[in-house]
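Colleague: Everything below, folded, please.
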Amino acid sequence: MSGETAFIASLRHLATHPAARGLNDDAAVIEIGGDEIVVTHDTMVEGVHWLPGQDMADVAWKLVAVNLSDLAAKGAQPIGVLLGHMLGSDDARFVEGLGEVLTAYGVPLLGGDTVSGGPPRTLGLTALGRATSLPVPSRNGARAGEAVWMCGTVGAAMMGFEALRDGTGEDSQAYRRPCPLLAEGQRLAPMISAMMDVSDGLLLDCARMCNASGVTIDLAPASVAIAAPEHRRADALRWGDDYALLFTISPGLQPPVPAVRIGEVLPRGDAALLLDGTPPADDTPLGYLHRA
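Modeller: Alright, predicted model coming up:
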């Protein structure tokens with residue numbers, strides 16, 4: 001057991017409560033007092049999710065934003081967040097950035113925990129939301145014959161990371177301060193059959209939706225909206241951190257938000273994912289996976 005996929009698989013026999021959704025989803029969904037409460041948690045590690053020496057105000061923004069993106073994929077309205085913080089020398093900048101992102105999205109800080117340790121620094125955040133549409137969207141509802149769409153673009157975070165890493169002075173905003181598509185997720189939730197955010201690479205996340213739904217997706221790579229030079233398209237499809245919304249709907253429907261149709265859902269075949277009818281090469285990763 002040396003990687004993320006194998007470890008999650010080993011936990012499934014413990015996650016038997018219906019709220020866990022078999023650990024096949026972006027978040028847990030718990031019914032409380034007639035409301036469906038969406039709970040998600042993300043962890044970020046220095047040197048993996050942000051560059052050493054990066055402005056901690058940006059790190060705080062990103063920590064909140066990536067969790068809110070999981071709520072967006074459930075069509076949820078944020079209730080609040082709980083912070084797990086590892087102390088460092090630039091905590092004042094972290095608090096400043098935290099205040100900026102919480103104010104921008106109208107989300108209260110409800111509590112959390114503070115520790116010392118590292119390096120590297122590790123930060124965590126739990127976000128709570130209230131579903132705005134029932135059933136709450138999941139990854140497992142895609143059905144053969146439906147259309148695959150994406151709201152947002154991919155590639156901007158990749159370009160921003162490279163600009164920040166190389167000190168070119170070019171725009172790095174998409175990597176440093178991603179924008180969760182909360183309003184778009186809430187508008188889409190009543191009409192989609194499956195939805196998730198694109199966090200680890202479009203191809204990998206498409207494959208995850210396929211596996212959760214028991215279908216195959218035939219993706220048209222040239223149709224995907226990218227925010228990168230055309231010669232970097234293949235990289236943009238595999239790079240994460242863009243937080244677009246990937247969703248499936250009936251073929252005759254038109255999304256109520258700006259989106260691009262990027263493929264179709266097929267009955268499950270030998271491969272979970274096809275690119276213009278052909279399985280991707282086995283020697284090229286589909287996206288980012290954590291490994292031991």
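
Colleague: Run through the strands of the stretch 1-150 of the chain in chain order.
Modeller: Along the stretch 1-150 of the chain, counting by DSSP state E, counting those that start in this stretch, strands occupy 28-32, 35-45, 76-86, 109-115, 122-131, 147-151.

Colleague: ignore the last one, the stretch 151-292 of the chain
Modeller: Ranges of strands in the stretch 151-292 of the chain, per DSSP E, counting those that start in this stretch, are 194-198, 215-219, 244-249, 260-267, 273-275.

Colleague: mind giving me JSON lines with those strands and columns for distance to G47?
Modeller: Where C-beta positions appear, they are placed from N, C-alpha and C, glycine not excepted. Shown next, in JSON lines, are the strands of the stretch 151-292 of the chain (distance: least, C-beta to C-beta, whole Å):
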{"stretch": "strand 194-198", "distance to G47": "23"}
{"stretch": "strand 215-219", "distance to G47": "31"}
{"stretch": "strand 244-249", "distance to G47": "25"}
{"stretch": "strand 260-267", "distance to G47": "32"}
{"stretch": "strand 273-275", "distance to G47": "30"}
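
Colleague: Let's have the ones you listed in TSV, adding mean neighbour count.
Modeller: Putting those into TSV (neighbours: other C-beta atoms under 10 Å) gives the following:
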stretch	mean neighbour count
strand 194-198	26
strand 215-219	22
strand 244-249	26
strand 260-267	18
strand 273-275	20
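
Colleague: re earlier: so which of the strands of the stretch 1-150 of the chain gets nearest E100?
Modeller: Closest to E100 of those, according to C-beta to C-beta: strand 109-115, at 12.4 Å.

Colleague: Any idea which of the strands of the stretch 151-292 of the chain gets closest to R208?
Modeller: So among the strands of the stretch 151-292 of the chain, strand 194-198 is nearest, using C-beta to C-beta, at 7.2 Å.

Colleague: Next, the angle from that closest one to strand 244-249.
Modeller: Calculated by axes from the mean of the first three to the mean of the last three C-alpha atoms, to 10 degrees, strand 194-198 forms an angle of 160 degrees with strand 244-249.

Colleague: And the contacts of strand 194-198?
Modeller: Defining contact as C-beta atoms under 8 Å, 6 or more residues apart in numbering, one finds that strand 194-198 is touched by 25-26, 69-70, 72-75, 137-142, 150, 152, 154, 180-181, 185, 188-189, 205, 208-209, 212-213, 240, 242-248.

Colleague: List the pairing partners of it within its sheet, with orientation.
Modeller: Applying DSSP bridges, strand 194-198 is found paired with strand 244-249 (antiparallel).

Colleague: pLDDT on the partner strand, on average?
Modeller: The predicted model assigns strand 244-249 a mean pLDDT of 98.

Colleague: what comes into contact with it?
Modeller: Contacts for strand 244-249 (C-beta under 8 Å, 6+ apart): 72-73, 137, 141-143, 146-154, 181, 184-185, 188, 191-198, 202, 205-206, 209, 255, 259, 265.
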